[in-house]
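*Asks:* Using only what follows, build the 3D model:
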Amino acid sequence: MRLLEAIGAAALSGLAMTLQGTFNALLSKRVDLPAMVLSVHATGLALSVLVYLLSGRPRRLS
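*Replies:* Okay, the predicted model is just below:
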């Protein structure tokens with residue numbers, strides 16, 4: 001369970017840093033397209049990890 005908590009904390013941290021970088025790029029009006037694409041992918045990955053962790057472990061049908 002501690003591993004899942006660590007993964008969740010890393011996902012939240014990564015999401016916060018990604019959003020901060022996105023807003024900084026938009027505010028400076030200098031958009032770097034590869035960085036923005038990577039930012040969107042990182043945000044999606046972090047959100048999917050958080051949804052997985054919040055939904056609980058999938059149960060096996062027996």
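
*Asks:* Residue for residue, what is the longest helix the chain has?
*Replies:* helix 2-27 (DSSP state H).

*Asks:* Check which residues of it are buried.
*Replies:* 8, 11, 15, 18, 21-22 (16 or more other C-beta atoms under 10 Å). Heads up, the C-betas are built off the backbone N, CA and C, glycines and all.

*Asks:* Now the residue nearest in space to the middle of the chain: closest residue in space, sequence neighbours ignored.
*Replies:* By C-alpha atoms, centre = their mean, the chain has its centre lying nearest to Ala46, at 2.1 Å. Leaving aside its sequence neighbours, Ala46 sits nearest to Leu15 (C-beta to C-beta, 6 or more residues apart in numbering; 4.0 Å).

*Asks:* Spit out the contact partners of the one you found.
*Replies:* Residues near Leu15 by C-beta atoms under 8 Å, 6 or more residues apart in numbering: 42-43, 46-47, 50.

*Asks:* between those, which has the most around it?
*Replies:* Counting neighbours by other C-beta atoms under 10 Å, Ala46 comes out on top of the contacts of Leu15 with 21 neighbours.

*Asks:* who touches the host helix or strand of that residue?
*Replies:* Using DSSP states H and E, Ala46 maps to helix 33-55. Contact with helix 33-55 is made by 4, 7-8, 11-12, 14-15, 18-19, 21-22, 25, as judged by C-beta under 8 Å, 6+ apart.

*Asks:* and it with helix 2-27, angle?
*Replies:* Going by axes from the mean of the first three to the mean of the last three C-alpha atoms, to 10 degrees, helix 33-55 is angled at 150 degrees with respect to helix 2-27.

*Asks:* If you count neighbours, what's buried in helix 33-55?
*Replies:* 39, 42, 46, 49, 53.

*Asks:* what would those residues look like in TSV with distance to Lys29 and pLDDT?
*Replies:* TSV is the format used below for the buried residues of helix 33-55 (distance: C-beta to C-beta, whole Å; pLDDT from 0 to 100):
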residue	distance to Lys29	pLDDT
Ser39	16	74
Ala42	22	76
Ala46	25	75
Val49	31	76
Leu53	36	75
